[in-house]
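Colleague: Can you look at this prediction? I've put the sequence above it.
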Amino acid sequence: MVVPYQVWMLQRIADVIRDCTRSAEGHARIEALLGAFPNGAALLRLDAALARCRVRKVGGRIYASVT
């Protein structure tokens, strides 16, 4: 079951990770941080995993994003 709110929350994490990994230094730091957790490195691929199921929040409602 896909819950749109959970997808929206994961998108927020993916957006922050993308912003933090724009530089080589940032990527290395995030990789080291996430590597400290079991399967944490999988979060580096979160943006790609969510690519086909993006949602947007308007007010208190969540809608499918059309791309």
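Modeller: Okay, I see it. These numbers were taken from a predicted model, which means no experiment stands behind them.
Colleague: List the buried residues in the longest helix along the chain.
Modeller: Under DSSP state H, the helix in the chain containing the largest number of residues is helix 4-20. For helix 4-20, a neighbour-count test (16 or more other CB atoms under 10 Å) marks Trp8, Leu10, Gln11, Ala14, Ile17 as buried. Where C-beta positions appear, they are placed from N, C-alpha and C, glycine not excepted.
Colleague: what are the ranges of the strands in this structure?
Modeller: In the chain, the strands defined using DSSP state E lie at 55-58, 61-64.
Colleague: any chance of those in TSV, with mean pLDDT and distance to Glu25 too?
Modeller: Output for these, formatted as TSV (pLDDT from 0 to 100; distance: least, CB to CB, whole Å):
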stretch	mean pLDDT	distance to Glu25
strand 55-58	90	31
strand 61-64	88	34
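Colleague: measure stretch 41-48 end to end?
Modeller: Terminal residues of stretch 41-48 are spaced 13 Å apart (CA to CA, to the nearest Å).
Colleague: Can you tell me what sits against it?
Modeller: Outside stretch 41-48, the residues that touch it by CB atoms under 8 Å, 6 or more residues apart in numbering are Leu10, Ile13, Ala14, Asp15, Ile17, Arg18, Thr21, Ile30, Glu31, Leu34, Gly35.
Colleague: For those, work out which two are farthest apart.
Modeller: Spanning the widest gap among those are Asp15 and Gly35, at 20.5 Å by CB to CB.
Colleague: Report the residue spans of the protein with pLDDT below the cut-off.
Modeller: Applying pLDDT under 70 to the chain picks out residues 1-2, 66-67.
Colleague: Quick test: name the residue nearest the centre of it.
Modeller: Geometric centre of the chain, nearest residue: Ala14, 1.7 Å, by CA atoms, centre = their mean.
Colleague: This completes my enquiry, with thanks.
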